[in-house]
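*Asks:* give me a model of this one.
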Amino acid sequence: MKMSIGVEYALHCLLPMIDLQDKSPATVKNLALYQGISESYLAKIFTKLTKAKLVQAEPGVKGGYRLAQSPADISFLDIFEAVEGKDSFFRCKAVRHASILLQEEETVPPPYKTPCAVRKIMSGSEEAFKGYLQQYTLAWLHHYTYTEVLSEQDRLDTIEWFKSQSNGN
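*Replies:* Numbers count the residues shown, from 1 in each chain. Reported below is the predicted structural model:
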């Protein structure tokens, strides 16, 4: 499985929106500018986030996006599935049933009726991956970012930057 850059873009752009909830909505243009990423690609991501009801669009000249849920209720898995989709990573094609050994059999022998080990392992790895992402929320990311990585001043500077953009400065 290869994850698109869209998941990373979404997480990094949703993070400052937590502090902007009571201020002007964040625009895709400003989020893209702030993060140094493609505005057109980010717009497609926000369409997916809106469809998943993780953000809500506010129309108009002063419009933009706000979180549609509490940061504590938006998991990394929610964001991953909004951007990448909910389809299973592994698509079992029952390859073992096409074996040359079965081509002359009228019925499938009992050993081939048991659950496939490949499917079991691949499904289990997907469940573990999704379970891991489910443990982390935007609220956790915000707390971690501003207590372990960046400073409170960085957080305030980010708020101020978005505020200056919404005021046209």
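*Asks:* which of the residues in the helix ranked longest in the chain are buried?
*Replies:* Ranked by number of residues, the top helix in the chain under DSSP state H is helix 117-134. For helix 117-134, burial by neighbour count (16 or more other Cβ atoms under 10 Å) applies to 119, 122, 123, 130, 133. Placement of C-beta: from N, CA and C, glycine included.
*Asks:* and if you look at stretch 160-169?
*Replies:* In stretch 160-169, counting by 16+ other Cβ under 10 Å, buried: 162, 165, 166.
*Asks:* now do the SS call for the first one.
*Replies:* Spelled out, it's residue 162. At residue 162 the chain is in helix, as set by DSSP: H, G, I helix; E, B strand; the rest coil.
*Asks:* what sits against the closest residue to residue 56 other than its chain neighbours?
*Replies:* In space, and not counting its chain neighbours, residue 56 is closest to residue 68: 4.3 Å by Cβ to Cβ, 6 or more residues apart in numbering. By Cβ atoms under 8 Å, 6 or more residues apart in numbering, the contact set of residue 68 is 53, 54, 55, 56.
*Asks:* which of those residues has the most neighbours?
*Replies:* Tallying neighbours with other Cβ atoms under 10 Å puts residue 55 at the head of the contacts of residue 68, with 27 neighbours.
*Asks:* find me the pLDDT at that one, would you?
*Replies:* On pLDDT, residue 55 comes in at 97.
*Asks:* give me the distance between it and residue 20.
*Replies:* Distance, residue 55 to residue 20, using Cβ to Cβ, to the nearest Å: 11 Å.
*Asks:* overlap of the contact sets of those two?
*Replies:* Among the neighbours of residue 55, those also in contact with residue 20 (Cβ under 8 Å, 6+ apart) are residue 66.
*Asks:* by pLDDT, give me the weakest of the buried residues of helix 117-134.
*Replies:* The member of the buried residues of helix 117-134 with the lowest pLDDT is residue 119, at 80.
*Asks:* wait, it touches residue 90, no?
*Replies:* Yes: if you go by Cβ atoms under 8 Å, residue 119 and residue 90 touch, sitting 7.2 Å apart.
*Asks:* pLDDT and distance to residue 143 added to the buried residues of stretch 160-169, as TSV?
*Replies:* Output for the buried residues of stretch 160-169, formatted as TSV (pLDDT from 0 to 100; distance: Cβ to Cβ, whole Å):
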residue	pLDDT	distance to residue 143
162	93	19
165	89	25
166	80	25
